[in-house]
Every structure is written in structure tokens, then in C-alpha cells.
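Enquirer: Just to be clear, the model below is a prediction. Sequence and coordinates:
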Amino acid sequence: MPAATSSIIRFEGASKVFPGRGKGAEVRAVDDVTLDIREGEIFGVIGQSGAGKSTLVRLINALERTTGGDVVVDGLSLGSLSEARLRPVRAGIGMVFQQFNLLASRTVAGNVAYPLEVAGWPRTKRDARVAELLEFVGLADKADVYPSTLSGGQKQRVGIARALATNPRILLADEATSALDPETTRDVLDLLQRVNRELGITVVVITHEMDVVRSICHRVAVMERGRVVEVGEAYQVFSSPAHGTTRRFVATALRDRPSPEVLARLRTRHSGHIVTVGVDEVAGSSAVLTRTLREHGVDGTVVFGGITEVAERPYGSLTVELVGDGGAVEAAVAALRAVTWVDDHGRVDA
Amino acid sequence: MSADWERLTPLLWEAAGQTAYMVLITLLVGGFFGLALGLGLYLTRPGNLLQHRFVFAVLNLAVNIVRPIPFIIFLVALGPLTRAVIGSTIGIEAFTFAMCIMATFVFARLVEQNLVSIDPGVVEAARAMGASPLRIVRTVLVPEALAPLVLGYTFLFVGVLDMSAIGGYLGAGGLGDFAIVQGYRQYDWAVTAVVVVIIVLIVQAVQWLGNGLARRALRR
């Protein structure tokens, strides 16, 4: 966890309204958002497509200008700056894109050199920096090839190297892994995590995949129809989602809880008492479960569930069939309730 | 009737020289201003880098008005402007002036259409890196669209060569004039056929060159 330090990006009642086409109604893409992103953290913004998250992230480097409120980046109020004054601000913020957006007419090295040319670096310094960056993203051998010959994952590595070229303090990742397969996604997320840890860069990740938030984000904001409906520590948001949208996202990241249909099928196979028991850092591992059942002389069979990591802490649940004498099962459930949450599904004839 | 090539050959060379003059100047001048006007159309288009509804509407309207006018009518309509700029409405300079104007508008639309096909994402990426609009034109738009621009320029060459064929109308001479005066009007089909073959060969050669250059630009 990064130390909770000062805010590096601050949305102050920021809004972005696009005028309607013809007689169409105007679109409030971002609607009165107030939010602090802290220096050194990986901050996730999750939402369905059309929730306004891509527009929100573009307010940070002023690719889109606010129509209300303000965005303050590194103490600088963007709302008051002219287009020309914004250019140096943008140069200090790296951005990677879902579709990579590499220049097809330039080699990998040429693409990474582009922001350095814009920033006016001399040739020799540029070449050294490009070599260093390609080394960092593991593409040193691809310097002289054109992007069209690269795989999606390699293209995104070039995109990240390019975004890091001018030593930005902030990196914006707009659906950076959405065009990639799961394995490549993992590689790119690892790279973003290294960028955050080794270079201390604040990373803002836009995504519609809760799995991305689960893997690398320290904190997360959930967006719906232009508004931030929930914001907090990723672990907190996962373990006790307050908003319906958040709950749906959480359910997509870990399918550990049996749906009513699954439960009905489980009942046909297992006649014992079925409970779902939460597993997290506080309640300990499944060892606590095993010990509790043993102490009460109850047999437990895991029939469903899943445990994963959120923000590098254990998170999930196990659904267990309990078989024991008389009140032993009830006593065991009561003991478990003392340390974690328990969803009691009862038994078939109950 | 057989052609007197001893008499015709020097005339053919002269006509070829006139065509070369008209076509090359038009390609240079029309190519330059066409590129500028095409970039102007693209950049001021709503939603693009220098979006400006009014400027775009004016440029767009101008291109739409000029382009469909048959060239032979355009020549006449442009007369007063030609006289003001060149000092005369006839002769090779006057004719080339009209060709340059028409080529500018034709090429502008070709340029604009090629630029529209560029992924807006790369333009956005350049903006995100702090690049100015002028730098984006120079380092993103033109290099990214280079192959289609080369092919568009090749297409322009054929159009310009086509325009030059009615040079005789203003006394500008050229291969087209030669084919009409020495061939058609003398009922000498052999002369017309020779000119046609020459023009086809030139077009083939230029198209081959253009394709080659475009392929080089696409080697990525």
C-alpha cells in the first residue's frame, strides 16, 4: 500500500456536457464529479461503456475541457489554461490507449522517440532514453521494426514505453488491456504495476473489467451515467459494495457465491446443511474453517466457492456441506459467525 | 493518306514540350495549394483539430462549386481573373493558370478524403503528448497518409494530363492540340493514334512510378 499522501489529481465538481446533435438532447458525460487521486497510487475507474469514464480521464490531460467545475493537476487548475498553455501540462502526463494508437509510419524506436521530439530533447539524449525505455518494457530487440509486425501485447508495451518517455508523474491507462487476451492482459497489468512501484508514477486505470481493479488497483471509483456512485479502497469496495452497480461488477470478478440455480443443483447432490462462509484477511484462511468444524465434530465438504486476491489480500468464500450430530452443526455455524460472515442455506428438509 | 513524319516529328516534340510544361507546373502549384486546402478542409471539419464551422463551410462550398464545372467552361468563367493575374486570357500561361486553380480544388478533395481515413486515435495520442496542430500535420497526418497521398497525386497527374488536352482551345498547344490539328482535322488517324499511344504510355509509366512509391511508403 502506498502511504496516503497528498492529492495529485483533484476533480472539483467537474462536469463535461456535450451539446446535442441537431435537436438531440445534450449529453452529460461527466456530471459533477468530486474526487481526489493521491500521489503514488494506482487508482481505478470502473463503469459500463458509456458511463463517462473515458471522458473523465481525458479531463485530466485536458483532451476534453470541463464545461463546469474544475480539474486540478499537481496544483495547476486546468480550467483556466489556454490550449497552448495546456501542451506542456499534457507532455507531463503519459497516456496509453485501448487501441494502442501507435504511428504506423514509424518504427518502434521512432514511436517511443516521438514525445521526446515534441519535448525538444537533443538527438543523442533521445536515442539513449529510447534504448532505456525499450529495455524497461522488454522490447529492446524490436527497436527497428514497424508496429504492424507486433502482437497486441507488444504494441501496448510500446505504448507504455512511449507514455513514460518524458518521465511523467502521472500515467493514464484508458482500457489499456481491453483489446488483449487474458495472458497478455496479465503481462501488461504487471508492467503497469512495475511502473507504479519502481518509478513511483501515479497510475489512473480506466476499465470495465473488475478483474483489472482486483489485480492492481489500490483504490477505485465506480461510475454510472456520468456520476461517481462509489469510491474507496479496492478491498473495501469488493468486500462490502454499497451500490448495486458495484455489486454487479464484484460478482463478475469472482464467481464464488452460488446462484439460486446452482444452489438448487447442489441440494440435489448434497443432503447435508449447506452454508457459504466468507474467507478474508480478518477471518483468516480456510484453516479457521477446518479447525472450527473439527472442534465441533462436524464433517465439512467444500462444494462450491473461490478465493482470490484483491489489492493483494485474500478474498472470497467457500460453500460447504456440513454433516454432524444433533446441534453440532448449529454450534459450528454460530462459532463461524463469530469470525466471519456466514450465509446459511439450511438443508433440504429444513 | 499517310502522315508526313518528317514534317510532323518536330511539331510533335514541340507539343510534347508544351504538355510537359503545363502538366509539371500544374502538378507543382496545384499539388502544393491542393495539399494546403485539403489540410484546411480536414483540420477545420467539425470535431477535428482546428474545427471551425464557418471556415469549413466556406472551403467545402468552394470545392463543391468549382470541382463539378466542366474544365472547358471553367476556362471561360475564369477569364476575368486570368486576365487580372496573367495579363491575357489566351496562351500557355493563361491556360496553365486555369489548370493550377482546377487542380488545386481537385487535389484538395483527394487530400481531405485520404486524411479522413487516418485513425483519430493517433491524432489524439499526439495531442496527449503535447504536440501542436502544426507539428501534428507535419509528423502525424502527412506521414501516416503518405501512401494514399502519393496515389492521389498520381491520380491528379492523369486528371491534369486530361485537362491539358484542350490546351489548343486557348492556343496553349500541347499533345492534345497536336492530335486534333494534325490528326483529326487532316483525317489522319495514324497521327491521332500515335498521340494516343504516347499518352497511354506516359500514364502507364507514371502510374507504375506512383504505385512503386506508394508501396515504399507502406513498407512498415
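Expert: Sure, I can see it. Numbers count the residues shown, from 1 in each chain, chains lettered A, B, ... in the order given.

Enquirer: so how many other residues sit close to residue A:13?
Expert: Neighbour count of residue A:13, defined by other Cβ atoms under 10 Å in any protein chain shown: 12. Every C-beta, even on glycine, is put in place using the N, C-alpha and C of the backbone.

Enquirer: do you know how far it is from chain B?
Expert: 24 Å (Cβ to the nearest Cβ, to the nearest Å).

Enquirer: List the residues that contact the residue in chain B that chain A sits nearest to.
Expert: Residue of chain B nearest chain A, by Cβ to the nearest Cβ: residue B:130 (3.3 Å). Listed by Cβ atoms under 8 Å, 6 or more residues apart in numbering or on different chains, the contact partners of residue B:130 are A:87-91, A:115, A:118-119.

Enquirer: Would you mind putting those into JSON lines with neighbour count, secondary structure and distance to chain B alongside?
Expert: Shown next, in JSON lines, are the contacts of residue B:130 (neighbours: other Cβ atoms under 10 Å in any protein chain shown; DSSP: H, G, I helix; E, B strand; the rest coil; distance: Cβ to the nearest Cβ, whole Å):
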{"residue": "A:87", "neighbour count": "18", "secondary structure": "helix", "distance to chain B": "4"}
{"residue": "A:88", "neighbour count": "11", "secondary structure": "helix", "distance to chain B": "6"}
{"residue": "A:89", "neighbour count": "17", "secondary structure": "helix", "distance to chain B": "8"}
{"residue": "A:90", "neighbour count": "23", "secondary structure": "helix", "distance to chain B": "4"}
{"residue": "A:91", "neighbour count": "21", "secondary structure": "helix", "distance to chain B": "3"}
{"residue": "A:115", "neighbour count": "26", "secondary structure": "helix", "distance to chain B": "4"}
{"residue": "A:118", "neighbour count": "21", "secondary structure": "helix", "distance to chain B": "5"}
{"residue": "A:119", "neighbour count": "17", "secondary structure": "coil", "distance to chain B": "7"}
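
Enquirer: got the buried residues for stretch A:217-230?
Expert: Using 16 or more other Cβ atoms under 10 Å in any protein chain shown as the test for burial, stretch A:217-230 gives A:217-224, A:226, A:228-230.

Enquirer: which stretches of the stretch 1-150 of chain A have low pLDDT?
Expert: A:1-5, A:22-23 (pLDDT under 70).

Enquirer: what does the model give residue B:2 for pLDDT?
Expert: The per-residue pLDDT reported for residue B:2 equals 61.

Enquirer: do residue A:282 as well
Expert: 64.

Enquirer: quick one: secondary structure of residue 65?
Expert: As the question left the chain open, I've gone with chain A. coil (DSSP: H, G, I helix; E, B strand; the rest coil).

Enquirer: So which elements touch the lowest-mean-pLDDT helix or strand in chain B?
Expert: Counting by mean pLDDT, DSSP states H and E, the weakest-scoring helix or strand in chain B turns out to be helix B:175-178, with a mean of 88. Counting by 3 or more Cβ pairs under 8 Å, 6 or more residues apart in numbering or on different chains; DSSP states H and E, the packing neighbours recorded for helix B:175-178 are helix B:5-44, helix B:189-218.

Enquirer: For the shortest one, which helices and strands make contact with it?
Expert: So the one you mean is helix B:189-218. So helix B:189-218, by 3+ Cβ pairs under 8 Å, 6+ apart, packs with helix B:5-44, helix B:146-164, helix B:175-178.

Enquirer: Could you do the longest one as well?
Expert: When contacts are defined as 3+ Cβ pairs under 8 Å, 6+ apart, helix B:5-44 sits against helix B:53-66, helix B:92-116, helix B:146-164, helix B:175-178, helix B:189-218.

Enquirer: Could you list the buried residues of the third one?
Expert: If you call a residue buried by 16+ other Cβ under 10 Å, then helix B:146-164 has these buried ones: B:146-157, B:159-161, B:163-164.

Enquirer: ditto for the shortest one
Expert: Across helix B:175-178, burial judged by 16+ other Cβ under 10 Å covers B:175-178.

Enquirer: Need the contact partners of the least confident helix or strand of chain B.
Expert: Under the criterion Cβ under 8 Å, 6+ apart, residues B:11-12, B:15-16, B:18-19, B:164-168, B:191, B:195, B:198-199 lie in contact with helix B:175-178.

Enquirer: change it to 6 Å
Expert: B:15, B:19, B:165, B:167-168, B:195 (Cβ atoms under 6 Å, 6 or more residues apart in numbering or on different chains).

Enquirer: Could you do stretch B:131-147 as well?
Expert: Applying Cβ under 6 Å, 6+ apart, the contact partners of stretch B:131-147 are A:105, A:118, B:49-50, B:114-115, B:118, B:122, B:126, B:214, B:217-218.

Enquirer: And the host helix or strand of residue A:192, how far out from the chain middle?
Expert: Assigned by DSSP states H and E, residue A:192 falls within helix A:182-199. Centroid displacement of helix A:182-199 relative to its chain, using Cα atoms, centre = their mean, to the nearest Å, is 12 Å.

Enquirer: Mind listing what's buried along it?
Expert: For helix A:182-199, a neighbour-count test (16+ other Cβ under 10 Å) marks A:184-185, A:187-189, A:191-192, A:195-196 as buried.

Enquirer: Need the contacts of stretch B:131-147 in CSV (columns: distance to residue A:294).
Expert: Shown next, in CSV, are the contacts of stretch B:131-147 (distance: Cβ to Cβ, whole Å):
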residue, distance to residue A:294
A:105, 68
A:118, 66
B:49, 70
B:50, 74
B:114, 74
B:115, 73
B:118, 67
B:122, 62
B:126, 64
B:214, 76
B:217, 74
B:218, 70
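
Enquirer: Now the buried members of those residues.
Expert: Looks like the contacts of stretch B:131-147 have A:105, A:118, B:49, B:114-115, B:118, B:122, B:126, B:214, B:217 buried, using 16+ other Cβ under 10 Å.

Enquirer: Residue A:345: which of these is nearest?
Expert: Taking Cβ to Cβ as the measure, residue A:345 lies nearest residue B:122 of the buried ones among the contacts of stretch B:131-147, at 54.1 Å.

Enquirer: these two touch, right, the closest one and residue A:100?
Expert: No - between residue B:122 and residue A:100 there is no contact under Cβ atoms under 6 Å: 9.3 Å.

Enquirer: Quick check: the farthest pair among the buried residues of helix A:182-199?
Expert: A:184 and A:196 (18.9 Å).

Enquirer: what's the burial count for the residue nearest to residue A:12 when sequence neighbours are not counted?
Expert: Take residue A:12 and drop its neighbours on the chain: the residue closest to it by Cβ to Cβ, 6 or more residues apart in numbering or on different chains is residue A:70, 4.8 Å away. Per other Cβ under 10 Å, the neighbour tally for residue A:70 reads 16.

Enquirer: Tell me the pLDDT of residue A:190.
Expert: Turning to residue A:190, the model gives it a pLDDT of 94.
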